Structures are given as structure tokens and as C-alpha cells.
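1. Here is the input, now give the coordinates:
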Amino acid sequence: MIPIAQDKMETKATCPYCGVGCGVLIEHDAERISGVRGDPDHPANFGRLCTKGATLHLTARPETRLLHPELRTVRGEARQRVGWDEAIGVAAQRFADVINTHGPDAVAFYISGQLLTEDYYVFNKAMKGLIGSNNVDTNSRLCMSSAVAAYKQTLGADAPPCAYEDFAHADCILIAGANPAYAHPVAFRRIEDAKKARPAMKIIVIDPRRTDTASSADLHLAILPGTDIWLYNAMLHVLLWEGMVDHAYIAAHTEGFDALRDHVRDVTPAVAAQVCGVKAEDIVTAARWWGGSPAAMSLWCQGLNQSAHGTHNGAALIALSLATGKIGRPGCGPFSLTGQPNAMGGREVGGLSNLMSAHRDMANPAHRAEVARLWGVDSVPDTPGLTAVELFRAASEGKVKALWIACTNPAQSLPELELVREALQHCDFVVLQEAYRSTETAPFADLMLPAATWGEKEGTVTNSERRITHVRRALPPPGEARPDWRIVCDFAQALGPLIGKPQAATMFGYDGVEAIFAEHVASTAGRDLDITGLDYALLDAAGPQQWPFPAGTAVADAAARTRLYADGRFPTADGRARFVVPVQSTTVEKVDARYPIHLNTGRLRDQWHGMSRTGKVARLYSHVDEARIELNADDMAVRGVKAGELVKVKSRRGEIVLRAVASSEVRKGQAFVAMHWGRNVLNSAGINVLMAGDFDPYSKQPELKHAAIRIDRVELPHQMLLMRAEDSERAATEHAERLVPWLERFAYASLALAGRDNAAVVMRIAHDQPIPAAWLAELDALIGLDTDDALSYSDARRGISKRALIAGDRLVGLRLAGETVAGAWLRDVMVDQQSTAELRRWLLAPLSAPPAAAKGRGRVICNCLNVSETDIAAAIAGGDDFDALQEKLKCGTSCGSCVPEIRRMVAAGRSAA
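-> Okay, the predicted model is just below:
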């Protein structure tokens, strides 16, 4: 801890969002977190944070936390508070009963890439070493397992060979299936910096959408979903045809090139152009830029991974690096961007059902014996366990009878969501180890165990560039919450004697979290990720370090570990990398006359996963405040859909209702919906209701990126808007939690927070029949509008009923039923705390445009400095360019996440002029 003021100190940690691994300094007084800033000394971010990271301190609030163990003994009953001894005892007995009756493969763990490495390690050891099953899988299966499999098939090990500093050395960067401007914004800032310093550097973006990343590119290839392999094969065809392949490197360091060369011989740019839906000359340009650049590197993420051929997507992309010898040198190589903060650490300890500790091979008897000796057991199982989709299918069939879920939310994040819900209902015993009490998975839990979260835990994480950071605890967890590793060890020690394994007391008798790290370190000796030279003390003294870091390594030799394979030797049996002949598939699900639109999914800039953390911060709704489907304007016109109207979105598995928005980012025949929205903010389970469970045969990663859908107008004429302002986000969040049970009553309903320092809760409703008066009365009471002080208007004949509450001269409560056209500007009046002195007579009027006394701000573009779209548009209309905007409004001068969007607005302003 670093003292910074009287009663204030800072503690070093990392950001718990994407895999960039940004260092943060947590300001606190040992009891409460009061601020956060980027760690200027951390090599991943050098002080920068994105909008999510910069608001982390606002998430460190107790009102949504699970504070005590809770247990129910009968399904359908409410859980009751119990002590830790009873909770662990019940969990151990229930798991033991299943194991002793049905065998170890009848239980499973489903864990998370947001756990610390030490947490991951003991979960893996408990299942594979103590219980004797490989049924421990993680939500990393949904994001990174295809990258893992691609690296192993081609380079021999799951080891990203690049580093962030390579951005500054690259002459060409190819970004495929990723939108780092949104999903990895701090890393993208480094790419922008590199481009600014070296304008000749070429950026190629391959993405069906024209995202903020794509709009910043020199060349955007807007391929059709699922056609990536055809594009990379055609690029390799051009490299061969034009003599840009490094035959000497191929001969000295690789195998299998002849077969791949023959495979791509007929995949000409013209052929690929027909499949991919792009121009043949653009494919040629991309290949020439790649082949002609002294240093070229590729970046990829979920657009490639979340595919039924995600492994071969990655392998085909990696082939471009191998074929040109552009790997192991500054600015070169294939770089998988990790989706979660510690998916890498989980992979290192073998935290997937087909992996083993320290990159060992489960099929190798010698490797299994090494792990068994380390753990002090006779053997470890040799058959891969159930992967994420398989696990929940098995639970739905009654094959998995006890399931332990930790730090993840499968009832919102998995495909085949209806089947997942059935599985959770069908499973005999479900444990949820979680920091937050009200995730979408929580209603299915028989036992809930309160876990520590960001700012309350100690351990390590590994980021995308193989850099390990020691994360310190700033303050103790609230209530009775415990660190994840401690919960697992307590459970394992209680379970061991019940399944005939008393050695559990020794296996899990760690005296602290550092002892777990030391055991993990020992497991890596002699492996490709050898970190036997690391311990907490060194990480504290010298800062985060990249692996490998074997014993005897000097910190001063860090440059030698920046990138891998500089000597051309790879961790395969013969030291050679492998070329893979990929399949020629596209998407599993095809569009047709009934389902004619390609649905693409992805992230928003300011939200994270299922919003259990970011969803509690009002300002993070300022950029996008409601679930929506983005459509091409032509597709909307054909269907008679206007912007802002609700539509039914239907796939072959399910349907949901969303608000339609016209977007220039999507091509005709395509649509985009963000992955984040679930049952805590919608009346449906969100986009994964529509997604199939088809998965890659090697990685078992599901095709979460694509579904074929249809869009239909939906008539929901009975609309309502509820808003309640509070003096704190805590109070607004508590109001929102009370409204969540109401969502499912309506044909459409959504919940959001709004505002900044003073937050409001916003509920939008549309129904297929008149909303009962009794419901209106209940909702009025729920948000404090059932008072004689409230302004009211009612027209029973037209079905209109309105109420507004003013405190002082501020609008603090509002309910519009039957007519809601004034909702947008009234929201601004409320969240900006505008005076109602001149507005009172208009508050219940049907005005779509605000009266002169009201100041409408609209969507916030720069969240850090609270600069709205209206502010920026006005300045552009006045002649300001990008530099002038930054000077005058300061937008984009903090985290920079909004810079691509501001540049687009400036460009659009020039075009309009």
C-alpha cells in the first residue's frame, strides 16, 4: 500500500475487464474504495484506463453484493441465511453422495476467466486431483478456446508470441474479427499512437460491420459472416503468386506447407470475393500490404473464435505469419487478444476440461504422472471432461447431478439458453459462488456462497501478452464474503474424507494464497511457460513480468522474453511449426427465405459481459441505454420499420423483442445486437435465446457470433415510461432491483440507469393490451409517485395517465402511460437536474420536442468528461475540427475510447458541409 494523504492510500491491482491487463491504483482508506486511476508504471497501459476501468470505484458498493451464505433445502422455497460451516458441510455431503453413488463424472465445476490464477489452480486441483474427473470447464470456453487450439495445432503450444510493444514496430497490422476500439480500448490507443507516429503503417480490418475500429483502418474488408478462411486462403494464394512467401523460412522451420499450397491453388481472389462478398482487388491489396511489409502482425478475437470452425479460422490466419516468416521479430506475429482479465492464467493452470497444468498434454501418460506426483495422488483422469455446452446438455439429461458455478453467469451467457435454464432446474444440486446476489443464474442456486471480488482479493493474473501481475488486496470483503481460493480449499478438505480421500487435508492445507502460487510455479518447471524464477516478492519489486521466466533469469533480460520463437524453434516434437489445411466452411446456420438476415453479436464500449458490475454505474448507460438491434436502413424500409420502433427478432430457436435502430455500420441483410442484455434489464433472456449450440470440433467453442434471423413488426400500442431520480447510484440501483420482477409481466420492458453523479432509474414498457390500473398504482407506489404532491393527468377514454413528482424545483419522479412522446427530453430534465420553474406546465404535455426552457443533451459520447453528442455536433457545425474539439470540449483527451466516434462525426460534418 502506498500512502497518498491523511487516511488515504493506494493499492496496486489490475482492471477486472478485458485481457489487456491494465494496472490500476485503488484509492481507499482500508474500509472504502474512493477512487481509481491507471498505474503509470504498469507496462500494459502506462496509466491509461478505458471508461469501464476508470469507473471501477463506482462499482465497489455493497448494495448488490451477496454478503452471507444462503441455502434452500426444497426447490421453490426461498434460500435462508446459514453459517459457513453449515454451507460447506452441506455442499460437501451433497457432492459426496453423488460421487459415491454415480461416480466422479456426475459432478462438475463451471468457473470463470475472471478468477485469479490461484483460484483457478485450486478449482482445477479439486476436480482433477481430488474428485477424479476432468469435468471442470470455464466461460473461457466461450471466448478463447479456439485461439488455444489454433496455437497448439500450428505453433505447438498455447503461447501468444507477441507483445503490445510490437504495435509500434509493425508496418502492417491486420485486425480480424475484433473491435479493439470497444473491446480492448487501451490496446487500441497504442495502435492509434503507432499510426500517428508512423503514418505509412497500414491497418487492415476484417469485420462484417464498419465498427469504430474498421472506420480507423486504411482498408476495411466487410466480409460476410463466417467466410474468414476463404479470405486468408486467397491472401496466401496472392502471396504465392507474387513471390512474397519466405521459402527459406518455411523449409527450415515448418512442416505441411505443400499440402496447404495445393489447397489454396484454386482459391483465387475472384473466387474468394464471391464467397466473402468483397472486391477481389481489395483482397489483393491486403495480401500485398502484408507481404510487402517488413514487419506485419495479426490480431484477432471473438469474430474468429466464436465459430464452428474457429480453430481453423485461427490456423488459417497464423499461416500468413508462418508463410512469410513474420514471427519472432519486432512488429511480427499472430496475436490473440484475450477476452477476459485472466483467461490466460486459467489456461496456464489447465483450467479447462481438456487441459492439464502448465500446458501439459492430457493424452501423455508421462505428463499425467508428473501432475499426479505434484499433487500427491495416485493418478489423474485421462479422458477429457465435459466442455461448456456439453456440460449443460449433460445436466439437462440428468447425467450431471451436482454442479458448482463460480464467478460466471451461464443463465445469461451461454447459447441454447432455454436448454441451459432447463439444465439448471433439472440438476439435483446447484452451487453458485458469486460476489453479486442477483445475477440471472442466482434463482437456480440451491446454495449461494459469497465471494470476494475486485479490490478485495490477492493473487496473480496473466494478460494477453503473457505478463503476470501480482494483484494486492485493498480492503477486506464485505459481510462474510471470502476469497474464492479459500472457499474451494474449505470445500475440498470437507469433501475428501466423505469420498475416501483423507489426504485432502494436506492437498489443500495452504497457509495462504502465496503458497498456491508457489505450487503453480513449481508445476511449470521445464515447461514452455516456466516461471520458476518468479514469486510475489520479485513481482512486487520489479513489477509485472512476461513468461517464460525460469529460475536464474535476470529482470534486466526482459527484452529477451518480449516475443517468442525468435530462433525459429517451436514447442513441437521436431521443433517445427505446422501448417494446417483448413475446412472450407462458412456459418453453420444459413440464411434463407424464412430467416433472411445474418445476426452478428458483440460488445458495447461501456458495458461488460452480463453487466453484474458495469450495470450498476449510471454513466455507463450514457452511450447506449437500452438493448437494441442495429439494422441497415434499407432492411428497415422494406419491412416498414421506423427508427425507434419495436420489432420481433426470431431465429429457429426463439424470439425476443428489441428496439430497432438504423445503423450505417451494418450491411444490407445483416444485423447486430450486443451480448450484454439479460433478464435483469429486459423482459427476455437476451440475444443468446436465439443462438445455437453448434461448436468447433477441436476447441468445442460454440458459434455465438452468428444466427440466421427474421425481423417482423410487432404491435405493442400500450406504452409506458417510468423514471425515478435519486441522490445516489446506490438508491437508484436499489429501485432498479425492485423493478426487475416486473419486467416479465410485459410484452416488452427494459430497465436502465441514467445520469452521472445523481442517478435515475428508467423503465420503458410496451404491452399488447391496456396496462391494468392496479398495476399502475403498484408501480406508482414502488417509485414514490403515490403522493398527493404529484402532478397528475388522466384521460380514461384515450387510455392516458401521467404523474410527475417535483422536489424543490427538480423533477424527481415520472410515469407516462398511454402516451410517452416527451420521454427523451424529460429524461434529460431529470438527470441533468434542470429547474422546472419554467417547465412545470409542459411536464405532462405531449411534446416530442423540448420547450425552449429545457436543454436536451442526448447521448453522451465522451463518458470520462461528460461531453454529449449534441455538444460535439454543435461545435462541428461551428467549424471546429478534431483538434479544436479536443482543445475546446476536452472530449477524447482522457481514456480516448470515444476518439474513433468523434473522428467519424467530424468526417460526417465535413461531408455534410
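2. residue ranges of the strands in the stretch 601-750 of the chain, please?
-> 628-631, 646-650, 655-662, 670-674, 706-713, 718-725, 748-755 (DSSP state E, counting those that start in this stretch).
3. is it possible to export those to TSV including distance to K202 and mean neighbour count?
-> To be clear about C-beta, it is placed using only N, CA and C from the backbone, and glycine gets the same treatment. Listed next are those as TSV, based on distance: least, Cβ to Cβ, whole Å; neighbours: other Cβ atoms under 10 Å:
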stretch	distance to K202	mean neighbour count
strand 628-631	28	23
strand 646-650	37	21
strand 655-662	31	20
strand 670-674	26	22
strand 706-713	28	22
strand 718-725	48	23
strand 748-755	40	23
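4. Show me the shaky parts of the chain.
-> Applying pLDDT under 70 to the chain flags residues 913.
5. Give me the most central residue, it.
-> H609 (4.3 Å; Cα atoms, centre = their mean).
6. Isn't that one up against P410?
-> No - if you go by Cβ atoms under 8 Å, H609 and P410 don't touch, sitting 11.6 Å apart.
7. Show me what counts as buried in stretch 596-610.
-> The neighbour-count check on stretch 596-610 (16 or more other Cβ atoms under 10 Å) flags 597-610 as buried.
8. Next secondary structure after the helix or strand in which A150 is found?
-> For A150, the element it lies in under DSSP states H and E is helix 145-154. Moving toward the C-terminus from helix 145-154, the next helix or strand (DSSP H and E) is strand 172-176.
9. ok, then the element right after that following strand?
-> helix 180-183.
10. So what touches the helix holding A150?
-> 157-160, 300, 304-307, 310-315, 317-319, 322, 336, 347, 352, 355, 387, 577-580, 696, 698-701 (Cβ atoms under 8 Å, 6 or more residues apart in numbering).
11. What's the ChimeraX syntax to select whichever of those are buried?
-> The buried residues among these can be selected in ChimeraX (16+ other Cβ under 10 Å) with this line:
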select :157,158,159,160,300,304,305,306,307,310,311,312,313,314,315,317,318,319,322,336,347,352,355,387,577,578,579,580,696,698,699,700,701
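12. So which of the strands of the stretch 601-750 of the chain is nearest H169?
-> With Cβ to Cβ as the measure, strand 670-674 is the member of these nearest H169 (33.1 Å).
13. residue contacts, D266?
-> Contacts of D266 by Cβ under 8 Å, 6+ apart: none found.
14. Quick check: the gap between it and N866.
-> 56 Å (Cβ to Cβ, to the nearest Å).
15. what's the answer for K195, then?
-> For K195 relative to N866 (Cβ to Cβ), the value is 28 Å.
16. Which one's more surrounded, the two?
-> A count of neighbours by other Cβ atoms under 10 Å puts K195 above the other of K195 and N866, at 20 against 16.
17. Look up the closest residue to the more buried one, ignoring the ones flanking it.
-> M201 (5.5 Å; Cβ to Cβ, 6 or more residues apart in numbering).
18. pretty sure the one you found contacts H169?
-> No - counting by Cβ under 8 Å, M201 sits too far from H169 to count as a contact (9.6 Å).
19. Have a look at these two and say which one is more surrounded.
-> More neighbours surround M201 than the other of M201 and H169, with 22 against 18 (other Cβ under 10 Å).
20. Got the phi and psi for that one?
-> phi -60, psi 140 (degrees, to the nearest 10).
21. separation between it and S464?
-> 20 Å.
22. repeat for E31
-> Distance, E31 to S464, by Cβ to Cβ: 34 Å.
23. How about A296?
-> A296 is 18 Å from S464, by Cβ to Cβ.
24. Tell me which of the two has more neighbours.
-> Between A296 and S464, counting by other Cβ under 10 Å, S464 is the more crowded of the two (28 against 24).
25. what about the residue nearest to K195, distance to Y164?
-> Remark: distance between M201 and Y164 (Cβ to Cβ) = 15 Å.
26. got it, and C407?
-> 26 Å.
27. same check, this time on R467
-> Per Cβ to Cβ, R467 is found 9 Å from Y164.
28. With R659 instead?
-> 37 Å.
29. what's the answer for A725, then?
-> Using Cβ to Cβ, we find A725 at a distance of 42 Å from Y164.
30. now E456
-> Separation of E456 from Y164 (Cβ to Cβ): 28 Å.
31. Equivalent analysis for P702, please.
-> From P702 to Y164 the distance is 29 Å (Cβ to Cβ).
32. now the helices: where do they sit in the stretch 651-800 of the chain?
-> Along the stretch 651-800 of the chain, counting by DSSP state H, counting those that start in this stretch, helices occupy 729-739, 773-782.
33. Kindly report the same for the stretch 151-300 of the chain.
-> In the stretch 151-300 of the chain, the helices defined using DSSP H, counting those that start in this stretch lie at 180-183, 185-197, 212-215, 228-241, 247-253, 257-264, 269-276, 280-292.
34. closest one to L743 among these?
-> Of the helices of the stretch 151-300 of the chain, nearest to L743 by Cβ to Cβ is helix 180-183, at 26.4 Å.
35. Residues that sit against both of R467 and Y164, list them.
-> What both R467 and Y164 touch, as defined by Cβ under 8 Å, 6+ apart, is the set 43-44.
36. from memory E192 sits against S216, does it?
-> Yes - at 7.2 Å, E192 and S216 qualify as touching, with contact defined as Cβ under 8 Å.
37. quick revisit: just the ones of the contacts of helix 145-154 in strands?
-> If you go by DSSP state E, the contacts of helix 145-154 have 300, 336, 577-578 in strands.
38. Same list (the residues you listed) but as a markdown table, adding distance to N139.
-> Formatted as a markdown table, the ones in strands among the contacts of helix 145-154 follow (distance: Cβ to Cβ, whole Å):
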| residue | distance to N139 |
| --- | --- |
| W300 | 19 |
| S336 | 16 |
| A577 | 29 |
| R578 | 29 |
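39. what about the spatially closest residue to R619 that is not a sequence neighbour, neighbour count?
-> Nearest non-adjacent residue to R619, counting by Cβ to Cβ, 6+ apart: R756, 4.9 Å away. Neighbour count of R756, defined by other Cβ under 10 Å: 15.
40. mind starting the numbering at 413 from now?
-> In the new count, where the first residue is 413, that last one comes out as R1168.
41. mind listing what G1022 touches?
-> G1022 makes contact with 821, 824-825, 851-852, 1088, 1090, 1092, according to Cβ under 8 Å, 6+ apart.
42. from those residues, which single one is nearest G1270?
-> Distances from G1270 to these, taken as Cβ to Cβ, are shortest for H1088 (21.4 Å).
43. Can you tell me how far that closest one is from D441?
-> Shown here: H1088 relative to D441, a distance of 32 Å by Cβ to Cβ.
44. More neighbours: which of these two?
-> Remark: of H1088 and D441, H1088 carries more neighbours, 24 against 14, as counted by other Cβ under 10 Å.
45. Touching, the more buried one and R1025? I think so.
-> No - look at H1088 against R1025 with Cβ under 8 Å: they stay out of range, at 11.2 Å.
46. For stretch 850-868, what is the distance to the chain centroid?
-> Here stretch 850-868 shows a centroid-to-chain-centroid distance of 18 Å under the convention Cα atoms, centre = their mean, to the nearest Å.
47. start to end distance for that stretch?
-> Start-to-end span of stretch 850-868 (Cα to Cα, to the nearest Å) is 20 Å.
48. buried residues in it?
-> Quick answer for stretch 850-868 (16+ other Cβ under 10 Å): 850-854, 856-868.
49. wait, what's in contact with the residue nearest to the centre of the chain?
-> 821, 825, 1087-1088.
50. Excluding covalently adjacent residues, which one is nearest to Y661?
-> Using Cβ to Cβ, 6+ apart, the closest residue to Y661 is G737 (3.3 Å).
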